[in-house]
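> 3D model of this:
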Amino acid sequence: EDEIFVGVLHTNSCNVYVAPQEGHQFVLSLEDVVANEERGGGSLATVDFQRLDGVSGIFVANKRMARRGQDATTADVVTLITYDNGGEWTKLRAPAASACVLPECSLNLGMESLQLPKGYQFDLLFTSTSAPGFVLANGNAGTALSFSPKGVYSTDAGVTWAFEPSGLPREFVSVDHGGVLVGATPYSRNSQPVDSVVYSVDEGETWQTFKFSSTAINVVRMLTEHWETSTIVSLWGYASIGGSLKWHIISIDFASVLGEPCGDSDYTTWSPRDINSPVGCLLGQQQIFERRKADSVCLNGRNYDRAVSAKSCPCYADDFECDVGFAHVEDDQNVCMPVGDPSDYVDVCRYPGQNVTISRGYRRISGNRCSGGLEAVFEPFSLTCKDPCPTTEWTEWSTCNLCTDRISTRSRTPLADLPSDFC
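Predicted coordinates for the structure are as follows:
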């Protein structure tokens, strides 16, 4: 993703910070992320923070709405999603069938913090690079995350969601490059053995049941080949017989369900999008993925090479994040204002002829490929100093006044018609 994310355990919270790939100049991305400490405390074991594989810039995280020490439980946790490498976070839209409406009510997904107390042996959220846009997860619609998750899925990288009809928690995988979605009731402390799985060959529009054995087993894990390009799913589990455990590995091949290989007419295109982008782009570009049509039941095949293309989009405010030394103001998350001591990060004129780069308070999100548009409004600018305090060279977009002894408070309305001489 061209960026590095770091979870940092503070006294009362865990925050996630982000920096360009070089690993310097970290800025805050998300506060109060749900985390579990190693036994004995002092270091992080897990963080509820996960990338959606197959698409760029999209991550989900669980945020604690009350700090630890204030009786915070999973009832205080909501799931957020970012489409711009952690620049802006929003709640997930719940499935339409739930009658749960933003902003008070949203979809919340179980991750590591829910996996441990439930005793699950699998990842509650599944994505794959071979099936871009497909998200198979477990969660609930409500004001907060609950301990009773249900199977839920998205085929458009988290923009819209639907519940798997059984209403049960599911371990999910996909095979044949996303051509088949498969779910099984997973083993947990309170689960019962099962003898069947559910599957969908039309992107979740309908789900079928397949009975794999006359003997019910406790499904511990579902396994697929690396990259999920084959049509085979293997179940690993056990049955209790006569007081002893008998372990099973059961393989199911879905090739016969898919039938003949796909032809050109069986494919369409799909583009991931940032729901906050005014032009529907993602990280400054429109990526176009080839995808099998939902109503075309056919075999992609192991050697299927998904066609992917991209074109640049014009730059907008959402393509930029706060630069080092700047942070969002509480009442306006679209504006970045200076924080701390400006002398720590402001490049100032100290002698005539010096070249300085002046931040406008923003930096391009790493990996963002937008071009034109408002690029010149947000990008840093360079100038050559004529004297130690060149007031004639300031612009209404200057982050500081370039004086070594004085820093101006920059405008909170960047497009305002301001005088060019702040002194």
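> shouldn't I358 be in contact with D347?
Yes. Counting by C-beta atoms under 8 Å, I358 touches D347, with 6.2 Å between them. Bear in mind the C-beta positions are built from the backbone N, C-alpha and C, glycine included.
> the more surrounded of these two?
More neighbours surround I358 than the other of I358 and D347, with 21 against 16 (other C-beta atoms under 10 Å).
> Identify the bridge partners of that one.
When assigned by DSSP bridges, I358 has beta-bridge partners F381.
> Quick check: which ranges of the stretch 301-423 of the chain have low pLDDT?
Within the stretch 301-423 of the chain, the segments meeting pLDDT under 70 span 331, 333, 342-346, 387-423.
> what's around A19, how many residues?
A19: 17 surrounding residues under other C-beta under 10 Å.
> ugh, typo on my part, it should be P103
Neighbour tally, P103, other C-beta under 10 Å: 7.
> isn't it right next to K91, touching?
Yes. Counting by C-beta under 8 Å, K91 is a contact partner of P103 at 6.5 Å.
> What sits closest to K311 if chain neighbours are left out?
Spatial nearest neighbour of K311, excluding adjacent residues (C-beta to C-beta, 6 or more residues apart in numbering): Q286 at 5.4 Å.
> and what of T231?
Nearest non-adjacent residue to T231, counting by C-beta to C-beta, 6+ apart: A255, 4.2 Å away.
> same check, this time on C298
Going by C-beta to C-beta, 6+ apart, C298 has C262 as its nearest residue, at 4.0 Å.
> now the strands: where do they sit in the stretch 101-250 of the chain?
Secondary structure of the stretch 101-250 of the chain (DSSP state E, counting those that start in this stretch): strands at 106-109, 135-142, 150-154, 162-163, 171-175, 180-184, 196-200, 208-211, 218-223, 232-241, 244-253.
> And the second one, what does it pack against?
I take that to be strand 135-142. Counting contacts by 3 or more C-beta pairs under 8 Å, 6 or more residues apart in numbering; DSSP states H and E, strand 135-142 is packed against strand 106-109, strand 150-154, strand 171-175.
> Return the most buried member of those strands.
Scoring the helices and strands packed on strand 135-142 by mean neighbour count under mean count of other C-beta atoms under 10 Å gives strand 106-109 as the most buried, with a mean of 27.
> Geometric centre of this protein: which residue is closest?
Nearest to the geometric centre of the chain sits F59, at 1.2 Å (C-alpha atoms, centre = their mean).
> Isn't that residue up against G87?
No. Contact criterion C-beta under 8 Å: F59 and G87 do not qualify, at 10.7 Å.
> overlap in contacts of these two?
The overlap between the contact sets of F59 and G87 (C-beta atoms under 8 Å, 6 or more residues apart in numbering) is empty.
> thinking G259 is in contact with S296, fair?
No. Using C-beta under 8 Å, G259 makes no contact with S296, being 10.2 Å away.
> about what we covered before: could you look over the strands of the stretch 101-250 of the chain and pick the most buried one?
Neighbour counts (mean count of other C-beta under 10 Å) averaged over each of these peak at strand 106-109, with a mean of 27.
> ok, S230 to S296 distance?
Separation of S230 from S296 (C-beta to C-beta, to the nearest Å) stands at 19 Å.
> Could you list the low-pLDDT ranges of the stretch 51-200 of the chain?
Counting by pLDDT under 70, the stretch 51-200 of the chain contains low-confidence ranges at 66-75.
> Show the contacting residues for F49.
By C-beta under 8 Å, 6+ apart, the neighbours of F49 are F5, G7, V16, V33, F59, V60, A61, N62, M111.
> For I250, list each beta-bridge partner.
Beta-bridge pairing for I250 (DSSP bridges): L235.
> And it, what's its pLDDT?
pLDDT recorded at I250 is 97.
> So what touches the longest helix along the chain?
Counting by DSSP state H, the longest helix found in the chain is helix 112-118. Outside helix 112-118, the residues within contact range by C-beta under 8 Å, 6+ apart are 34-36, 46-48, 62, 74, 77, 110, 120, 122-124, 138, 145, 147, 149, 169, 188-189.
> Report the buried members of these.
Among these, those buried by neighbour count (16 or more other C-beta atoms under 10 Å) are 34-35, 46-48, 62, 74, 77, 110, 120, 122-124, 138, 145, 149, 169.
> before we move on, back to that, pull the contacting residues for the residue nearest to T231.
D176, T231, L299.
> circling back: how many neighbouring residues does the residue nearest to K311 have?
Around Q286 sit 18 other residues, with neighbours defined as other C-beta under 10 Å.
> In terms of helices and strands, where is it?
In this assignment (DSSP states H and E), Q286 forms part of strand 285-292.
> Show me which residues of that strand are buried.
Buried residues in strand 285-292, defined by neighbour count with 16+ other C-beta under 10 Å: Q285, Q286, Q287, F289, R291, R292.
> And the next helix or strand past that strand?
Past strand 285-292, the next helix or strand by DSSP H and E is strand 308-312.
> so that following strand versus strand 285-292, what angle?
Strand 308-312 and strand 285-292 are oriented at 160 degrees to each other (axes from the mean of the first three to the mean of the last three C-alpha atoms, to 10 degrees).
> Do you have the strands of the stretch 301-423 of the chain handy? List them.
Here the stretch 301-423 of the chain has its strands, by DSSP E, counting those that start in this stretch, at 308-312, 320-322, 326-329, 332-338, 355-358, 362-364, 381-384.
> Report the beta-bridge partners for N108.
Partner residues in beta bridges with N108, using DSSP bridges, are N140.
> correct me, but it touches D76?
No. If you go by C-beta under 8 Å, N108 and D76 don't touch, sitting 11.0 Å apart.
> And S148, how close does it get to N85?
Distance from S148 to N85, counting by C-beta to C-beta: 32 Å.
> oh, I was asking about T224
For T224, the distance to N85 - C-beta to C-beta - is 28 Å.
> Quick check on those two: which one has the bigger neighbour count.
For T224 and N85, the more surrounded residue by other C-beta under 10 Å is N85, and the numbers stand at 24 against 19.
> is it true that F122 touches A184?
No. If you go by C-beta under 8 Å, F122 and A184 don't touch, sitting 9.3 Å apart.
> Find residues that contact each of these two.
Listed contacts common to F122 and A184 are E171, M222; contacts here mean C-beta under 8 Å, 6+ apart.
> Residues contacting the strand holding Q286, please?
So strand 285-292 is contacted by 55-56, 132-133, 177-179, 262, 266-273, 280, 298, 300, 306-313, 369-370 (C-beta under 8 Å, 6+ apart).
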